[in-house]
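In: kindly return the folded structure for what I paste below:
(one chain, ligands or ions: 1)
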Amino acid sequence: MQDNTYRSTGSFHPGGVALGLALAIVAMFPVSFIYAYAVRYIPFVYINFLISFGAVFAVAGAYTFGESLGRNRSRAASLIAMLLAGALTLFVFWVTFLYVLSEGKLEYLKMLTDPGYVVDLIKELVKVGWFTLKRSQVKGTAYGVMLAVEAVAYIGIFVFAWWTFLKERVFCEKCQKWVARERVAMYFDLAPLEGIASALAAGSDAWVDQLRLADATPSLQIELASCPGCHELHVVDLIHTQDVVDKDGNPSTEEKVLMSNILIHGATAARFQQRVDQLRAEFAARA
Ligand SMILES: [Zn+2]
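Out: Numbering: from 1, shown residues only. The predicted model follows:
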């Protein structure tokens, strides 16, 4: 059987990583001030945690956006750069927070250029604490543990962003461009799934004729990444999707990827598009 799976080349390209780091650094300073003032002056510890995680997400998002403008396909290089961005974010957030907490009495530049000084300041702060939880001042070991958990969570957010946003991307080597995956806005019948999957795996285009509209959940959805530059690279994902209602009556959709990164020919992609148009017309006629 021929191998018709799309695989990234994994080539390292410093431009993308540098752009990601640059945007993360540009973002982390203003974001750190919003974070520090919010945490300092909003007296709800749990809201403060949410604000700090949201702020870290914003910086991780800036990195992700920057890297996607470049052409780096090396997952390892992405991870190293994101861990570095995470550590820098943690440090800058601390510097800004200490600056805000001291009401500007601590020198910002001195802290920024002297990590040892910042560590000493944090140790002092842990000893005395600065906020209360359940009417008692949080300090000492409890505060230290809280800060350690928070630091792990910060780095974790960057690893999460690496794992999700930067994971399954398609790159056209011919055009040297990223290709977006697009979800076809249509629910297909799951009944012929076996035939569809085996035709796709065998590199045949017979699966296109087996696509029908679904009448009920669960159903099949299709994602297609087609390079708009060369029209030669086409990558298909099959997704099992099911509408569910939890015990409180909240509806949601559960999704599971059944097959991913299947390469199809340009002619097959064109036939698929025709089939989608045809089904769409059928659906319109039915309504
Ligand atoms: Zn292309």
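In: the closest residue to residue 180 other than its chain neighbours in helix, strand or coil?
Out: Across the structure, with C-beta to C-beta, 6 or more residues apart in numbering as the measure, the residue nearest residue 180 apart from its sequence neighbours is residue 225 (6.5 Å). The way it works is simple: take the backbone N, C-alpha and C, and place the C-beta from them, glycine included. Counting by DSSP: H, G, I helix; E, B strand; the rest coil, the backbone at residue 225 sits in strand.
In: residue 235 is in contact with residue 225, correct?
Out: Yes: at 4.4 Å, residue 225 counts as touching residue 235 under the criterion of C-beta atoms under 8 Å.
In: between those two, what contacts are shared?
Out: Residues within reach of residue 225 and of residue 235 at once, by C-beta atoms under 8 Å, 6 or more residues apart in numbering, are 170, 179, 181.
In: just put these in CSV and tack on pLDDT, secondary structure and distance to the ion.
Out: Formatted as CSV, the shared contacts of residue 225 and residue 235 follow (pLDDT from 0 to 100; DSSP: H, G, I helix; E, B strand; the rest coil; distance: C-beta to the ion, whole Å):
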residue, pLDDT, secondary structure, distance to the ion
170, 94, strand, 10
179, 95, strand, 7
181, 93, strand, 14
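In: list just the nearest of these to residue 131.
Out: residue 181 (44.2 Å; C-beta to C-beta).
In: what number of residues lie near the closest one?
Out: For residue 181, the neighbour count with other C-beta atoms under 10 Å is 16.
In: got a list of what it touches?
Out: Residue 181 sits next to 168, 170, 223, 224, 225, 235, 237 when contact means C-beta under 8 Å, 6+ apart.
In: who wins for most neighbours among these?
Out: Going by other C-beta under 10 Å, residue 235 tops the contacts of residue 181 with 23 neighbours.
In: give me the element it is part of.
Out: Assigning secondary structure by DSSP states H and E places residue 235 in strand 234-245.
In: next, residue 12: secondary structure please.
Out: Relying on three-state DSSP, one would call residue 12 coil.
In: quick one, what contacts it?
Out: 72, 73, 74, 77.
In: at 6 Å instead, please
Out: Contact analysis of residue 12 by C-beta atoms under 6 Å, 6 or more residues apart in numbering lists 74, 77.
In: domain boundaries for the protein, per the record?
Out: 14-167, 171-286 (automatic domain parsing).
In: closest to residue 5 out of these?
Out: Evaluated over these, closeness to residue 5 peaks at domain 171-286, with 5.4 Å, by C-beta to C-beta.
In: how long is stretch 177-196 end to end?
Out: Terminal residues of stretch 177-196 are spaced 29 Å apart (C-alpha to C-alpha, to the nearest Å).
In: pull out the buried positions in it.
Out: 177-179, 181, 184, 186-190, 192-193, 196 (16 or more other C-beta atoms under 10 Å).
In: which of those residues fall in strands?
Out: 177, 178, 179, 181 (DSSP state E).
In: not counting its neighbours along the chain, what's nearest the first one?
Out: Take residue 177 and drop its neighbours on the chain: the residue closest to it by C-beta to C-beta, 6+ apart is residue 229, 6.1 Å away.
In: the one you found and residue 174: what is the separation?
Out: 7 Å (C-beta to C-beta, to the nearest Å).
In: any common contacting residues for these two?
Out: Jointly contacting residue 229 and residue 174 under the rule C-beta under 6 Å, 6+ apart is no residue at all.
In: would you mind listing what in this protein touches the ion?
Out: Residues of the chain lying close to the ion by C-beta under 5 Å from the ion are 172, 174, 175, 227, 229, 230.
In: can you classify the last one by secondary structure?
Out: Meaning residue 230. What three-state DSSP gives for residue 230 is coil.
In: surely it touches residue 177?
Out: No: applying C-beta atoms under 6 Å, one finds residue 230 not in contact with residue 177, separated by 9.3 Å.
In: residue 222 is in contact with residue 239, correct?
Out: No: using C-beta under 6 Å, residue 239 is not in contact with residue 222, being 7.2 Å away.
In: which residues are in contact with each of those two?
Out: Here residue 239 and residue 222 share no contacting residue, scored by C-beta under 6 Å, 6+ apart.
In: give the contact list for the most centrally placed residue in the chain.
Out: Closest residue to the average C-alpha location of the chain: residue 165 at 2.7 Å, with C-alpha atoms, centre = their mean. By C-beta under 6 Å, 6+ apart, the contact list for residue 165 reads residue 64.
In: from residue 44, how far off is it?
Out: In this structure, residue 165 and residue 44 are 29 Å apart, going by C-beta to C-beta.
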